[in-house]
Structure formats: structure tokens, C-alpha cells
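*Asks:* Sequence and computational prediction follow.
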Amino acid sequence: MHYKLGLIGYPVQNSLSPWIHEQFLKKADIGGNYALLEINPKKSFENELQQIKNNHYDGFNVTVPYKKQIIPFLDDLDDGAHAIGAVNTVAWQNGKWVGYNTDGKGYVTALGHAHPSIFQHKQCRILLIGAGGAARGIFYELAEAGFRRIDIANRTQSSAEDIASLGDGKAKTSILTLKEAENNLKMYDLIIQTTNIGMKPNVNDAIISLEQIDRRSIVSDIVYQPIETHFLQQASRIGASVHHGHTMLLYQAQYAFEIWTSKKVPADDLNQPLQSILE
Ligand code: ATR
């Protein structure tokens, strides 16, 4: 079997997914390749996607700006992707194009590897900053994993309210302004930054000041370029534990690879090499 895999999005040239999936193919000892399938937003998405479908891919990842846009062109969605309203992984299964979302699962698995103790305290207080697609996936999977108290702070309150209704009320949620979050950081055990603020080239930006955090808390940023975001640097200075964004990238890829090949390859040993590539 030779797996034909790829990534659709724009832009995709700097993606680390080819490197990660080539490592997984080697580990699983299966043949295949992972191509960058850039779709320029000026072109018809439907036509470009149809060409990719016609080329007999076994599966592909989907990134910005197509995670929502692709949904009407798929034959089926798994429950998580349906609830989250976004797809990052597509697989050709039993004659159908099926959409999945492994971003949130990847985040939760990465968190479990780095900070297993937090999984013993499902009543801990979690603050999610941001209410975009990434936040939706993370909220959904944290609620699925049994976490019961997840507050959301976002610039636009209505998007945060939409997220709160995900997870069928499994998690108790308050919606905060960014300022309110900043002033109440002490009560959170885990703070997760899910916006793109602080990403290269704007490396000196941080969505809120972390001055008020409890030093026993865990501070997580899903931005991984740079690895040490300004947000995480603030947390480290205060003495809090930090959780880096590239780990989510790694484990979302592990789930995608398992969907395509039915093989769960270990990803833990790629954590350091991936970090080195990004540093
Ligand atoms: P993704 O799919 O990567 O999560 P997205 O759906 O575009 O990206 O979401 C971006 C998130 O970053 C949102 O929470 C957005 O806040 P709004 O819902 O208010 O738009 C947040 N964001 C982006 N730029 C921001 C800024 N300058 N200040 C505050 N929040 C910002």
C-alpha cells in the first residue's frame, strides 16, 4: 500500500506537516507521500478540490482558510467535526469523503502527556482565551475529556457564547471580557491562549498581561512560531508551568495519521526534534 496524502490550505509552503507525516510513515514502515496542495483563494475552491479528489488521495489535512469552507463538499462528518463546525482531516473511506477534526483531540492529548496530573482534577478551573475555530475544537474535546469548568474570554462575546453551547452543557462556563479575565487570572489552574496573537512576525504581542496569575498554574499557548511566545515568556518569568503549542500540532497529526492508516504511531519522540526545527 502506498498512501497518497497531503495538505490543502493557503499558504502551505512553510507547513511542518510533511515532515511530521514522513516521520510517521517511516515509523509505521509503510510507503506513501504527503504533498502540499496549495489552493489560491482567487481560484474556485470547488474546482480545485474536485481535482484533488479526482487524483485518488487516501486523505488530506485541511488548514486555513478552508476548515469551514470544505464542509459542504464532503459526504460525511464525524460527530466531533459536526459539533465543532470545522474539519482539519479528510479521509477516503468506503467510497466517501469523510471529515474529521483532530485539532482539539491533539491539544488534549498533548496536555495529558506534558501535565498528566491535571487529568486527576477534572473540576479544576480552565480559562480559554479566544473563540475562533481552534478554541471551539479545544473546548469540545476538554468537555469530552470530562473537564467541568471552562470559562471563555474573547474580544467578541457572541462567539464565546456560541462555544459555551458546545458539549451539551457538560462544562459550566462563564463568558468574560479580556479585561475581566486579566483581573481574575488567579483563580485558574490552566490558561489556554488560542488566538493567533504573538505569532511571527508580531512576536512582542500578547493578548493579556499575565501579572496576576498564580504561579502554580499551567499556561498554554497554541501559537508555536515562535515556540517561546511573549505570552509564555510572561508565565515563565512568574514561575508558572508552560505548555508549548507545537505539541498540539504533533498529536493532531498523530490522530490524522491513525484515521488514514489505522496505525497509531508513537509521537512523543518527535517532540524535541520538532521543537528544534522551530527554534
Ligand atoms: P482560528 O481558527 O485559528 O482559531 P479564527 O477563527 O480567525 O482563527 O479566530 C481568531 C481568534 O483570535 C478569535 O477569538 C479572535 O477574536 P474575535 O472573535 O473577537 O474576532 C481573536 N483575535 C484575533 N485578533 C485579535 C485581536 N487583535 N484582539 C483580540 N482578539 C483577537
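*Replies:* The structure has been received and is ready for your questions.
*Asks:* how's this structure carved up into domains?
*Replies:* 2-101, 104-246 (automatic domain parsing).
*Asks:* Turn those domains into JSON lines, columns for distance to the ligand, mean neighbour count and mean pLDDT.
*Replies:* In short, each C-beta sits where N, CA and C put it, glycine included. Output for these, formatted as JSON lines (distance: least, CB to the nearest ligand atom, whole Å; neighbours: other CB atoms under 10 Å; pLDDT from 0 to 100):
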{"stretch": "domain 2-101", "distance to the ligand": "7", "mean neighbour count": "17", "mean pLDDT": "97"}
{"stretch": "domain 104-246", "distance to the ligand": "2", "mean neighbour count": "19", "mean pLDDT": "96"}
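*Asks:* Mind checking these for the one nearest to A256?
*Replies:* domain 2-101 (4.2 Å; CB to CB).
*Asks:* so how far does that closest one reach from one end to the other?
*Replies:* 24 Å (CA to CA, to the nearest Å).
*Asks:* could I have the helix or strand in which P273 is found exported to CSV, CA atoms only?
*Replies:* Per DSSP states H and E: P273 is located in helix 271-278. Below are the C-alpha coordinates for helix 271-278, written out as CSV (Å, rounded to 0.1, in the frame of the first residue of the first chain):
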residue,chain,number,x,y,z
ASN,A,271,8.5,16.4,20.3
GLN,A,272,12.2,17.5,20.8
PRO,A,273,13.2,17.3,17.1
LEU,A,274,10.1,19.3,16.1
GLN,A,275,10.9,21.9,18.8
SER,A,276,14.5,22.1,17.4
ILE,A,277,13.2,22.7,13.9
LEU,A,278,11.1,25.6,15.2
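*Asks:* now that helix, how far from the centre of its chain.
*Replies:* Offset of helix 271-278 from its chain centre (CA atoms, centre = their mean, to the nearest Å): 17 Å.
*Asks:* buried ones in it?
*Replies:* Buried residues in helix 271-278, counting neighbours by 16 or more other CB atoms under 10 Å, are found at N271, L274, L278.
*Asks:* pLDDT at the first one, what is it?
*Replies:* The predicted local distance difference test score for N271 is 97.
*Asks:* Ok, the last one next?
*Replies:* The pLDDT attached to L278 in the predicted structure is 94.
*Asks:* ok so, going back, just list what the helix holding P273 packs against, helices and strands only.
*Replies:* The contact analysis (3 or more CB pairs under 8 Å, 6 or more residues apart in numbering; DSSP states H and E) places helix 271-278 against helix 17-28, helix 246-261.
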